[in-house]
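Colleague: when you get a sec, could you give me coordinates for this:
(one chain, ligands or ions: 2)
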Amino acid sequence: MPIQQTLSIIKPDATARNITGQIVAKLEEAGLRVVAQKRVKWKQTEARKFYAVHKDRPFYKDLVKFMTSGPIVLQVLEGNNAVSKNRKVMGATNPEEAAPGTIRAEFAENIERNSVHGSDSAENAGKEIRMCFRKPEIVG
Ligand code: ADP
Ligand code: MG
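Modeller: Numbering: from 1, shown residues only. Ligands and ions are numbered 1, 2, ... in the order given. Just a heads-up that it's a prediction; the model follows:
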C-alpha cells in the first residue's frame with residue numbers, strides 16, 4: 001500500500017465545541033499520522049478559492065460563510081492509502097448516512113456543519129496541501 005498524504009480540515013462547528021482533540025484521536029486510531037497542523041481563520045477569498053470546485057452548487061455561498069465563521073484546523077495526514085483511509089474514518093457527507101463510529105456520525109451537526117473536510121483524490125490532496133501549507137511546515 002502506498003504511503004500518501006491528504007489534507008484534512010477540522011471545521012468551525014468542531015472548533016466551536018472544543019472537540020478538535022477527539023477528532024484527532026479518531027484520525028490517529030485509524031492509522032493516520034498528523035505531519036502538519038495549524039489553527040487559522042480563513043478570509044472569504046481563501047474559502048472561495050479552496051471550494052471553487054463547488055462554485056456553481058446551491059450550497060456554495062453558505063459553505064463559504066460557514067467556513068469563515070470561526071477558527072479551523074488545517075492538517076496534513078500521512079499513512080497507507082491516506083486519502084481513502086481518511087474518507088472512511090470521516091464518514092458520508094450527510095451525517096445521517098455516515099457509518100456508525102465515523103467522525104461525522106459521532107460529531108457532525110448536519111450536512112453542512114459536518115466537522116471535517118478530507119481530500120477526495122490523491123491529485124486533489126496534492127493541490128489542497130499546496131494551497132494550505134509551505135513545504136517546511138510539513139514534518140513527517
Ligand atoms: P465532502 O466534504 O464529503 O467531500 P462535498 O465535497 O460534496 O462533500 O461538499 C463540500 C462541503 O459542502 C460538505 O462537506 C458540506 O460542508 C457542504 N455541503 C455539501 N453538500 C451540502 C448540502 N446539500 N447542503 C449544505 N451543505 C452541503
Ligand atoms: Mg469534497
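Colleague: distance between the strand or helix carrying residue 124 and the chain's centre?
Modeller: Per DSSP states H and E: residue 124 is located in helix 122-132. In terms of C-alpha atoms, centre = their mean, to the nearest Å, the gap separating the centre of helix 122-132 from the centre of its chain is 12 Å.
Colleague: repeat that for stretch 133-140.
Modeller: On C-alpha atoms, centre = their mean, the centre of stretch 133-140 falls 17 Å from the chain's centre.
Colleague: mean confidence for that stretch?
Modeller: Stretch 133-140 shows an average pLDDT of 97 in the prediction.
Colleague: the helix holding residue 124 near ligand 1 anywhere?
Modeller: No. Using C-beta under 6 Å from any ligand atom, helix 122-132 stays clear of ligand 1, coming no nearer than 9.6 Å. C-betas here are computed from N, CA, C, even on glycine.
Colleague: name the residues of that helix that are buried.
Modeller: Residues 125, 128-129, 132 are the ones in helix 122-132 that count as buried (16 or more other C-beta atoms under 10 Å).
Colleague: and the contacts of it?
Modeller: Helix 122-132 is touched from outside by 4-7, 49-50, 74, 76, 82-83, 119, 138, with contacts defined as C-beta atoms under 8 Å, 6 or more residues apart in numbering.
Colleague: what's the first helix or strand after the helix or strand containing residue 61?
Modeller: Applying DSSP H and E as the criterion places residue 61 in helix 60-67. Later in the chain than helix 60-67, the nearest helix or strand by DSSP H and E is strand 72-80.
Colleague: next, the angle helix 122-132 makes with the helix or strand following that following strand.
Modeller: As assigned by DSSP H and E, the chain's next helix or strand after strand 72-80 is helix 82-90. On the basis of axes from the mean of the first three to the mean of the last three C-alpha atoms, to 10 degrees, helix 82-90 is oriented at 90 degrees to helix 122-132.
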